[in-house]
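Enquirer: Sequence unavailable; structure follows:
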């Protein structure tokens, strides 16, 4: 079941906004496509991101994949546990955030997919 | 309803078992096969510490029989099949006149004048055509593609023998590495070969395709309490790479010689002749200019096939196989390097998505099981 408390991108990231801050991760569909995650490369705190900009890379046994930011903002926290224990991305994709942003414009959410739309996208 | 396999892909006789087990199916060499079930890392770990069961029915089988069978096998391969006793197998190259690979294969001696090649799925038709063509110069050698007669299951890992023994009358303690025996498994007529593509102890079990599901079920059941897992192509690749085993189409092909591939040990120089012997002898005299080398990355990242390899600013090669080695906790890979660089300790760099990551040449195999 897709969590309804967040929005989704066509590149399979999710974003959960709480006031001016957002948590970002990848979807179950994405982690299944990737297979077992080996590395997650994340940005520095303080980095500014535009909506759609690549903010990191996820390396799995199978392939490497870029991570794209669903919203514009400033990185205020990075999930350090993913450096040595990336497995959470596979075992709990919706409970494993990668970066937290201070978002520039919550209005950007309107352009993202809701749970029903994302569900239709991934079939 | 189980959806049928895509029209263009060959289904394994075990397809329904893979789907029932949650296998993620992919296309491989024209077949539909499971990439993984629980996950490549878990499956890899199972094989290294307990046991794993693979469906490798896509492998091809080509049989050669007749009074000239040995002579034909000796002509088309690099290794010496005359050393094989009935019941014994060897790793060999099927060679081109340039001393490069038509394929790599295992050749089994079923009888004095009856041999079986187990070959790669993607090259089965090519190999069959090649061996048949060479057979024309002999008066008494029949070549048959018998791939459709066999399903092949690979049971691999330190617990493989203890899992298999209760299911067969063949005495596994008497079956040495690279030997095989005919018997039964779970009441099904089978040939059990002590061979594999993982670097662990294990068995490859040949059964009629119609009986494969029964044997698969019996093995999974017998191995349940020992922690046997079904394993897919993902783990097959991570395991063989750690073990330093070459993959045709990536590490070896018709452009790489048996010597360059570091497989000189499968060349029987004393054979009167074989296809490619002259080219290989010349190369041995002159010395190879490049050799397949193993490397490990020293920085975070994974080198993938096709990545450029550098020594300083100079591009010196290309990664042929590369990936994560779960048992080593490192990223490893193979590449043909100029011979001066192809030695332990050489410092190279591998381009990973635009960044040049430092790497070091290491000896093969990357992983060796405790004996």
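Expert: That came through fine. Bear in mind the structure is a predicted one, so any value in this text is a computation, not a measurement. Residues are numbered from 1 along each chain as shown, chains lettered A, B, ... in the order given.

Enquirer: how close does the residue of chain A found nearest chain B get to residue B:27?
Expert: Using C-beta to the nearest C-beta, the point where chain A gets nearest to chain B is residue A:36, with a distance of 4.3 Å. From N, CA and C alone the C-beta is placed, and that goes for glycine too. Using C-beta to C-beta, to the nearest Å, we find residue A:36 at a distance of 20 Å from residue B:27.

Enquirer: Looking at the two, which one has more neighbours?
Expert: It is residue A:36, of residue A:36 and residue B:27, that has more neighbours when counted by other C-beta atoms under 10 Å in any protein chain shown, with 25 against 14.

Enquirer: Please tell me I have it right and the more buried one contacts residue A:61.
Expert: Yes. A contact is recorded between residue A:36 and residue A:61 when judged using C-beta atoms under 8 Å, the distance being 4.8 Å.

Enquirer: Residues that sit against both of these two, list them.
Expert: Counting by C-beta atoms under 8 Å, 6 or more residues apart in numbering or on different chains, the residues touching both residue A:36 and residue A:61 are B:40, B:41.

Enquirer: which one is the residue of chain A closest to chain B nearest to, not counting chain neighbours?
Expert: Of all residues beyond its chain neighbours, the one nearest residue A:36 is residue B:41 (4.3 Å), with distances taken as C-beta to C-beta, 6 or more residues apart in numbering or on different chains.

Enquirer: A helix includes the one you found, no?
Expert: Yes. Inclusion of residue B:41 in a helix is indicated when DSSP: H, G, I helix; E, B strand; the rest coil is applied.

Enquirer: Can you pull the residues of chain A lying near chain B?
Expert: By C-beta under 8 Å from any C-beta of the partner chain, the part of chain A that sits against chain B consists of A:32, A:35-36, A:38-39, A:41, A:57, A:59, A:61-64, A:90.

Enquirer: Mind telling me the two of these farthest from one another?
Expert: With C-beta to C-beta as the measure, no two of the residues of chain A next to chain B lie farther apart than A:32 and A:41, at 20.4 Å.

Enquirer: the more surrounded of the two?
Expert: Remark: of residue A:32 and residue A:41, residue A:41 carries more neighbours, 17 against 13, as counted by other C-beta under 10 Å.

Enquirer: Nearest residue to the more buried one in space, ignoring adjacent ones along the chain?
Expert: Setting aside the residues directly before and after it, residue A:41 is nearest to residue A:57 in space (C-beta to C-beta, 6+ apart), at 4.4 Å.

Enquirer: Tell me the buried residues in the host helix or strand of the one you found?
Expert: Counting by DSSP states H and E, the secondary-structure element that holds residue A:57 is strand A:54-60. Of all the residues in strand A:54-60, those buried under the rule 16 or more other C-beta atoms under 10 Å in any protein chain shown are A:55, A:56, A:57, A:58, A:59, A:60.

Enquirer: Just checking: what are the partner strands of that strand?
Expert: Paired neighbours of strand A:54-60 in the sheet (DSSP bridges): strand A:37-41 (antiparallel), strand A:64-68 (antiparallel).

Enquirer: any chance of the ones you listed in a markdown table, plus mean pLDDT?
Expert: As requested, those are arranged in a markdown table below (pLDDT from 0 to 100):
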| stretch | mean pLDDT |
| --- | --- |
| strand A:37-41 | 96 |
| strand A:64-68 | 95 |
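
Enquirer: out of those strands, deepest packed?
Expert: Most buried of the strands paired with strand A:54-60, by mean neighbour count (mean count of other C-beta atoms under 10 Å in any protein chain shown): strand A:37-41, with a mean of 22.

Enquirer: Now the most centrally placed residue in chain A: closest residue in space, sequence neighbours ignored.
Expert: With distances taken as C-alpha atoms, centre = their mean, the residue of chain A nearest its centroid is residue A:25 (2.6 Å). The shortest distance from residue A:25 to any residue that is not its chain neighbour, by C-beta to C-beta, 6+ apart, is 4.9 Å, and that residue is residue A:97.

Enquirer: Run a quick neighbour tally on the one you found.
Expert: Applying other C-beta under 10 Å, we find 19 residues neighbouring residue A:97.

Enquirer: same thing with residue A:4?
Expert: For residue A:4, the tally of surrounding residues (other C-beta under 10 Å) stands at 9.

Enquirer: wouldn't it be in contact with residue A:117 here?
Expert: No. Taking contacts as C-beta under 8 Å, residue A:4 lies outside contact range of residue A:117: 11.6 Å.

Enquirer: Let me know the closest of the residues of chain A next to chain B to residue B:227.
Expert: Of the residues of chain A next to chain B, the one sitting nearest to residue B:227 (C-beta to C-beta) turns out to be residue A:36, at 18.5 Å.

Enquirer: does any bit of stretch B:349-359 sit next to chain A?
Expert: Yes. Stretch B:349-359 reaches chain A (C-beta under 8 Å from any C-beta) through B:352, B:353.

Enquirer: So what's the gap between stretch B:202-220 and the chain middle?
Expert: The chain centroid and the centroid of stretch B:202-220 are separated by 19 Å under C-alpha atoms, centre = their mean, to the nearest Å.

Enquirer: which parts of it are buried?
Expert: Of the residues in stretch B:202-220, those buried (16+ other C-beta under 10 Å) are B:202-207, B:209, B:211-213, B:215-216, B:218-220.

Enquirer: can you give me the end-to-end distance of that stretch?
Expert: Distance across stretch B:202-220, first residue to last, is 15 Å (C-alpha to C-alpha, to the nearest Å).

Enquirer: and if you look at stretch B:174-184?
Expert: Stretch B:174-184 has an end-to-end distance of 16 Å (C-alpha to C-alpha).

Enquirer: Show the subsequent helix or strand relative to the lowest-mean-pLDDT helix or strand in chain A.
Expert: Ranking every helix and strand in chain A by mean pLDDT, DSSP states H and E puts helix A:81-84 at the bottom, with a mean of 92. Proceeding N to C from helix A:81-84, the next assigned helix or strand is helix A:88-91, under DSSP H and E.

Enquirer: which other helices and strands contact that following helix?
Expert: In this structure, helix A:88-91 packs against helix A:28-34, strand A:37-41, helix A:81-84, with contacts taken as 3 or more C-beta pairs under 8 Å, 6 or more residues apart in numbering or on different chains; DSSP states H and E.

Enquirer: Let me know the average pLDDT across the first one.
Expert: Confidence for helix A:28-34, expressed as mean pLDDT, is 95.

Enquirer: which other residues reach it?
Expert: Outside helix A:28-34, the residues touching it (C-beta under 8 Å, 6+ apart) are A:12-13, A:37, A:58, A:60, A:62-63, A:65, A:89-90, A:93-94, A:122, B:24.

Enquirer: which of the residues you listed tops the neighbour count?
Expert: Within the contacts of helix A:28-34, neighbour counts (other C-beta under 10 Å) peak at residue A:37, which reaches 26 neighbours.

Enquirer: hang on, isn't that one packed against residue A:89?
Expert: Yes. Look at residue A:37 against residue A:89 with C-beta under 8 Å: they come within range, at 4.7 Å.
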